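> the following comprises the amino acid sequence and a computationally predicted model.
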Amino acid sequence: MSPFEVVPGHVDSTVILHVPHSSTSIPAPVRAGIVLDDDSLAVELAAITDADTHLIAEGAAAAAVVRPWIFVNRASRLVVDPERFPDEREEFNEVGMGAVYERTTTGAVLRTPTPEQRQALIDEFYIPYADGISQLVRDRLAAHGRVTIIDVHSYPLVPNRYELHADGPRPEICVGTDAIHTPDDLRDQVLDAMRATAPTGDVGLNSPFWGCYVPLEQYGTNDAVRAVMLEIRRDVVAHRLDALVHGVGVLVSTIDA
């Protein structure tokens, strides 16, 4: 299986909606390396998957004045997590949840790969995914000279055990930013659109999650690649899906105006 799908947008769009954690699909050879039984795996998938975030992206793309591009992960993040650094830079390595997860959200053993098995997962899933989104970003840059990546996630009201920065606020929508890739005008556009979308206008910056996804070849060096992360609390996703679709659609339209 391909680890990703590109859903084409309009040639005039500068926006990519990135959906990395919405899938529950695990190929059989990868499932064989996971030590959880089927019931325990189902519980873990429910805890770790950003359910329905692909529906937000798909609906927002359809609602936008200029249709954005969508880049969506078709494999579960339990296969590999394409948003983690694949090396020692990744802080979640300390809880066994780097690019290749070895622990669950509760700290239980998920898999015990050899170095060779870990590298095989990186080679088969992580690298093609990274190459795919890098190519899409390069294409949009070549067409327009800039690109804006909107990273669509969800998170639980109650912190998971693995979270490293769970002491701060958990607003209805958390906006993750980066010092280089999130300019002030983009941050303000996102805050305005999300405050109009959140049930009570409860929108925060960089808590409980911070930063945003940029392909490694552009990360920290090319400010023409703009990015922002939407972390939407899962109770809001469950009860306000239509409003979220509308709000993200408005945001995309504003960026591409």
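Cool, the structure landed.
> which stretches of this protein form helices?
28-31, 38-48, 53-63, 115-121, 127-144, 184-195, 234-239, 241-255 (DSSP state H).
> buried stuff in the longest one?
Just to be clear, that refers to helix 127-144. By neighbour count on 16 or more other C-beta atoms under 10 Å, the buried set for helix 127-144 is 129, 130, 132, 133, 136, 137, 140, 141. Heads up, the C-betas are built off the backbone N, CA and C, glycines and all.
> same question for the last one.
Judged by neighbour count using 16+ other C-beta under 10 Å, the buried positions of helix 241-255 are 244, 245, 246, 247, 248, 249, 250, 251, 252, 253, 254, 255.
> hang on, isn't residue 7 packed against residue 61?
Yes. At 7.1 Å, residue 7 counts as touching residue 61 under the criterion of C-beta atoms under 8 Å.
> which one's more surrounded, these two?
residue 61 (24 against 16; other C-beta atoms under 10 Å).
> which stretch among the helices of the chain comes nearest residue 105?
helix 38-48 (4.6 Å; C-beta to C-beta).
> can you give me the offset of that closest one from its chain's centre?
19 Å (C-alpha atoms, centre = their mean, to the nearest Å).
> need the contact partners of that helix.
21, 24, 31, 34, 36, 76-78, 104-106, 108, 110, 156, 160 (C-beta atoms under 8 Å, 6 or more residues apart in numbering).
> buried members of those into ChimeraX, please.
The buried residues among the contacts of helix 38-48 can be selected in ChimeraX (16+ other C-beta under 10 Å) with this line:
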select :21,34,36,76,77,78,104,105,110,160
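> between the contacts of helix 38-48, which is closest to residue 2?
Distance ranking of these against residue 2, using C-beta to C-beta, places residue 76 first at 14.1 Å.
> which residues does that closest one contact?
By C-beta under 8 Å, 6+ apart, the neighbours of residue 76 are 23, 24, 25, 26, 45, 48, 49.
> can you redo those residues as CSV with distance to residue 92?
Shown next, in CSV, are the contacts of residue 76 (distance: C-beta to C-beta, whole Å):
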residue, distance to residue 92
23, 19
24, 20
25, 22
26, 19
45, 18
48, 12
49, 17
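> give me the buried entries from those.
For these, buried by 16+ other C-beta under 10 Å: 23, 26, 45, 48, 49.
> closest one of those to residue 213?
Once C-beta to C-beta is applied, the member of the buried ones among the contacts of residue 76 that ends up nearest residue 213 is residue 23, at 16.0 Å.
> could you check how far that closest one is from residue 146?
As judged by C-beta to C-beta, to the nearest Å, residue 23 and residue 146 stand 29 Å apart.
> then residue 212?
15 Å.
> please say which of those two ends up with more neighbours.
residue 212 (24 against 13).
> so that one touches residue 179, yeah?
No. Between residue 212 and residue 179 there is no contact under C-beta under 8 Å: 10.7 Å.
> which stretches of the stretch 51-200 of the chain have low pLDDT?
For the stretch 51-200 of the chain, no stretch is flagged by pLDDT under 70.
> how does it look with 90?
Within the stretch 51-200 of the chain, the stretches with pLDDT under 90 are 90-91, 159-167.
> count of neighbours near residue 73?
With other C-beta under 10 Å as criterion, residue 73 counts 26.
> contact partners for it?
Residue 73 makes contact with 3, 4, 19, 20, 21, 22, 23, 82, 129 under the criterion C-beta under 8 Å, 6+ apart.
> okay if I get these as a markdown table plus distance to residue 206?
As requested, these are exported to a markdown table (distance: C-beta to C-beta, whole Å):
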| residue | distance to residue 206 |
| --- | --- |
| 3 | 28 |
| 4 | 27 |
| 19 | 21 |
| 20 | 18 |
| 21 | 18 |
| 22 | 22 |
| 23 | 26 |
| 82 | 21 |
| 129 | 25 |
